[in-house]
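Undergrad: what's the 3D shape of this:
(chains A, B and C)
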Amino acid sequence: MAVNSKKERRGMWAAAVPMFLLALTCLYPIYFALNNALKDNRGYILDRFGMVSDPNFENFVTAWGRARFSEYFMNSVITTVGAVFVLLLVSSMAGFALAVLRFPHRKLVFVLILGALMIPVQVILVPFYQTIIATGLLNTRTGLIISYTAFFLPFSIYLMTAFYAGIPRDLTEAARIDGARFFQVWWYVMLPMGKPALLTLGILNTLYCWNDVLISLLVLQNERTLMVGITALRGEYTTNVPLLAAGIVLAAAPIVIIYLLFQRHIVAGIAAGAVKG
Amino acid sequence: MSDATNIGSKAEKRIAVLFLAPALLLLIIFRLIPLGWGFGMSFTDANNAGTARWVGADNYLRAVNDPTFQDSVANTVILLATMPMMVMLPMLLAILIHQGVPGGKFFRAVYFLPAVLSSVIVGAIFNVVLRYDGSLNEFLAVFGFDAVDWLGSSSTALGALIAVQLWSTFGMSVLIFMAGLTTVPEDIIEAARIDGARFWQRLWFIVIPSLRPIIEFVAVVTTVGLLTNMFGLVYVLTGGGPGTATTLPEFLIWLEQGKLNRPGYAAALSMFLFVMMAGVAYAQIRIMKRNAEV
Amino acid sequence: MKLKLTLTSMLALSAGSALAQDLTVWDWKSGDPATQGYYDSAKQAYEEAHPGATVTFVVQPHDQYYTLLGTAFGSGQGPDVVLLHGGSQTQSRVGALSSLGDAAAGFAGVDAFSVDGTAYAIPLTIQGFVIYYNRALYEAAGLDPDAAPTTWDELATVCEAFIAQDAVPCFAFGNKQGFSGEFFATLATASTFTDADMAAWAAGDLPWTDPKVSAIVTLFADMNARGWLQEGANSTAKFMDEYEMFMRSEAAHTVGLLSDVAHWKQFGEFLGDENLGAFAMPVPGAEVANLPFTGGIGWAVSASSENQEAAQDLVKILTDPTREAIFAFDTGALPANPDVDTSGLSSPTLTHILGLMTAQPAGMAHSVMNPAVLEEWKRQSQLLLGEETSVDDAIAAMEAARLANK
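TA: Predicted structure coming up:
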């Protein structure tokens, strides 16, 4: 809706001022991280707030090499990509079944899945760990991929179900009457049509998996993902803030870039899926 | 839908089972079974070393009489009371961007940045901003305000924590509202505008009613976040203090589980948290069911 | 359950087929660059003694360390060797640890790792609390840096001088997460507790209404009321905001450590050795001030390890004189092994501290108390600083916590 009058336009400009200040606070972390990543630890302790005077890239080199971030980076990429792939596949299948197919106890199954969304990680920490051990998945990347899938699945299924429920029924109905097998309906009709929602979920789940610390700590104990590597930089007593900042810049950069590239698609996906009018 | 189509053919049922099997198996093995396991543990004095004795409802009785746990529940209630604000503010921002506020595209890109950051860096930054000699107090001093120990006094610590949580999640909600706004029928708004409806009138009578499903959706996401995702911020910003001012159930569970080495008691606290969530969850599942038209 | 059994047995089989003497070690230290030499040396020594075997050191984030360790011990699938803090963190977990026999005999602070005379870990470092002061700031305030306070009244005079001068606070004080409160439980009792008191205290038998115990609360509140402490202490992290403040010469005193960080070595590097001094915390009612210390961190063998002997070998290597010397020289920690030659570690402040440790040793009350009661004291200490509770209410709350966790 377009703006009505001069008065409203003035109102818009007045609103822009606090919104701009808010935007500045959102940019501040980037300045904070970059500025401190370029200091050395002694320089940081002696002057925490000031601009860095003689920038050096030592911390990035240290983080990447000695702190083994190059290895951690690979672990993060493999588990995130793997988990997102499995999540999309499984949630799209389940969403299709819940939204399109007819079978007994459908509502109950849906409620069960949504109920699992409400189980906080902390509630099941120890038993979850024991399950991981019992299934022989401890210290495997597969184990972490499966764990991520299990934890982020309910939300993904919800979004896919909502999305598929919004697709005009005639379309799937026609396919069924034509005698198309259900599998083919899913593969040739539902998957392509679900692209916006899948893209949204892909990005959100990438964010969740990439930033996770707790699940990864439990499942992948002898190797590390990037975020755990960063958390481990915080010692018992000391935190080398410049090194931490460098690690955070390295870890956050891929996510920020992905977001900036795909932000339009995220909006489109959510619009089409989660929020049906 | 009629009863005849509600049941579906045999082939349809079979394929439904097949399509749901992976999801259900994962959820049952990794979430429901652990939940049941934890329930069992809550009746023992498990201490992570060998034998655990059955102690009946002792852990639950202890929790009910534990002043720290009582405080953490009270804090959760306060936290949940701020939920409407956490929904309305992003909605207003999204509407303004959608309305073409100057710089809207820039705001949309930038507002999401805090949502990308892990709580480690968010905490590190706000530690510097909110401490007694921090940037916020320096800023307020310019206007002649006395310094406040935002994170260090019981009266302000929880509020500060909530504000930081709002800051670090509002971008995601703005994004969802932006998406929802694209589904609001333009022509009706346009007609109302031509009829002379003011901005606030159009907002109140047309935009907000058509955003209702999105408002509900954001409320769900926000509430789940408030109940289960605050640990990182609490740990980095306040450590639960001062006193019990920012102690939340999930933080207390972590403390009992690890440092105090009482997993049986921690399991009992977990069950309380789960029941608390189940109450909230009931309302939410109803909303989500309706929105998903299942 | 059947599935679980099958899978567990499969797991056991695959673990059994691995090299018998491969060991996994958990700690929160091996990520620190300063400890690199120590770990490399231990790994090399073990692998030379056990050809074909490898040791893997896994650094865990300290904030999740005991949670992770609990889950690992609870499922019987833990690492072979673990690093632990002395006191209740070790003593509450002895059910999951192997007895180390007499391997720890003669080490300083071994009591902190023992239950009923049996040692469950070999100490690596000694930890203790001492007050460090900035000699340059003493001079600036017109005080004699060579006459450090030895009684509570002298300390009061010193702090009054800093308050009068109004340039820097008398104490840098960080009580976020309650660390200053925690340390104070030891500081306030080190000079007054007898051995019998300490034993009763550890057993939870000493009431908080006892004057020796309630001194923890009253002195803490008194220091705050007299304005000795920096402002905003509740939102200042002891590690490391408080210490960084001290290192920037923005406060006259700080309650520092003997090992790890915030010790004579780190402060000396920032302030210059000539500007640093140390004394034991004086309290009213005690003629001399004692210096509290005990075993800091130590290495233990997990009872569920399948390589008990190899794991014990590794623990002995990690605590032998060669290795402890490397650790001490690289990090400035005080070694617990009595055979380490510390004469190379020299600074006037350290010499003074070592003298105090010999002449006026005392135990650490905070490290042997019930952890849940300690948590309550941390909370009460924050409320006291914010003047959100009274001394009487705090004592009552502590006594209630003691009884609830006895």
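Undergrad: any idea how far the residue of the stretch 51-200 of chain B found nearest chain C is from chain A?
TA: In the stretch 51-200 of chain B, the residue that lies nearest chain C is B:Y132 (2.2 Å; CB to the nearest CB). Where you see a C-beta, it was placed from the backbone N, CA and C, and this is true even at glycine. In this view, B:Y132 and chain A are 14 Å apart by CB to the nearest CB, to the nearest Å.
Undergrad: on the three-state scheme, that residue is what?
TA: With DSSP: H, G, I helix; E, B strand; the rest coil as the basis, the three-state label of B:Y132 is coil.
Undergrad: tell me the contacts of it?
TA: B:A147, B:D149, B:G152, C:E231, C:G232, C:S235, C:T236 (CB atoms under 8 Å, 6 or more residues apart in numbering or on different chains).
Undergrad: could you check how far it is from C:M245?
TA: 11 Å (CB to CB, to the nearest Å).
Undergrad: contacts (any at all) between chain B and the helix or strand hosting A:L114?
TA: A:L114 belongs to helix A:106-117 when assigned by DSSP states H and E. Yes: contact of helix A:106-117 with chain B (CB under 8 Å from any CB of the partner chain) involves A:R106, A:K107, A:V109, A:F110, A:V111, A:L112, A:I113, A:L114, A:G115, A:A116, A:L117.
Undergrad: just the buried subset of these, please.
TA: Buried by 16 or more other CB atoms under 10 Å in any protein chain shown: A:R106, A:V109, A:F110, A:V111, A:L112, A:I113, A:L114, A:G115, A:A116, A:L117, out of these.
Undergrad: pretty sure A:T79 sits against A:R224.
TA: No: if you go by CB atoms under 8 Å, A:T79 and A:R224 don't touch, sitting 10.8 Å apart.
Undergrad: contacts only, for the closest residue to C:M247 other than its chain neighbours.
TA: Nearest residue to C:M247 in three dimensions, chain neighbours excluded: C:F270, at 3.9 Å (CB to CB, 6 or more residues apart in numbering or on different chains). By CB under 8 Å, 6+ apart, the residues touching C:F270 are A:I45, C:M247, C:R248.
Undergrad: mind telling me what element C:F270 is part of?
TA: C:F270 is located in helix C:264-271, with elements delineated by DSSP H and E.
Undergrad: hang on, the earlier thing: which of the contacts of B:Y132 sits closest to chain A?
TA: Checking these one by one against chain A (CB to the nearest CB), the nearest turns out to be C:T236, at 13.0 Å.
Undergrad: what's the local residue count around the closest one?
TA: When neighbours are counted by other CB atoms under 10 Å in any protein chain shown, C:T236 registers 27.
Undergrad: what residues are up against it?
TA: Here C:T236 is in contact with B:R131, B:Y132, B:G152, C:A172, C:F173, C:G174, C:N175, C:K176, C:Q230, C:E242, C:M245 (CB under 8 Å, 6+ apart).
Undergrad: show the pLDDT at the nearest residue to A:F60 once chain neighbours are set aside.
TA: Nearest residue to A:F60 in three dimensions, chain neighbours excluded: A:A246, at 4.9 Å (CB to CB, 6+ apart). You'll see A:A246 listed with a pLDDT of 85.
Undergrad: likewise for the one 5 residues further on?
TA: Listed pLDDT for A:A251 reads 84.
Undergrad: so where does it fall, helix or strand?
TA: Secondary structure assignment for A:A251, by DSSP H and E: helix A:241-272.
Undergrad: same question, B:G38
TA: Assigned by DSSP H and E, B:G38 falls in helix B:33-41.
Undergrad: give me the contacts around that helix.
TA: Residues from elsewhere that reach helix B:33-41 (CB under 8 Å, 6+ apart): A:119, A:123-124, A:126-128, A:130-131, B:52, B:263-264, B:267, B:270-271, B:274.
Undergrad: angle of the helix or strand containing A:N75 against helix A:106-117?
TA: According to DSSP H and E, A:N75 maps onto helix A:69-99. Interaxial angle of helix A:69-99 relative to helix A:106-117 (axes from the mean of the first three to the mean of the last three CA atoms, to 10 degrees): 160 degrees.
Undergrad: quick one: is helix A:69-99 near chain C?
TA: No: judged by CB under 8 Å from any CB, helix A:69-99 makes no contact with chain C; its nearest approach is 11.9 Å.
Undergrad: residues in contact with the residue nearest to C:S259 when sequence neighbours are not counted?
TA: Closest residue to C:S259 in three dimensions, ignoring its sequence neighbours and counting by CB to CB, 6+ apart: C:A333, at 3.7 Å. By CB under 8 Å, 6+ apart, C:A333 lies in contact with C:L124, C:T125, C:I126, C:L258, C:S259, C:D260, C:H263, C:G296, C:F327.
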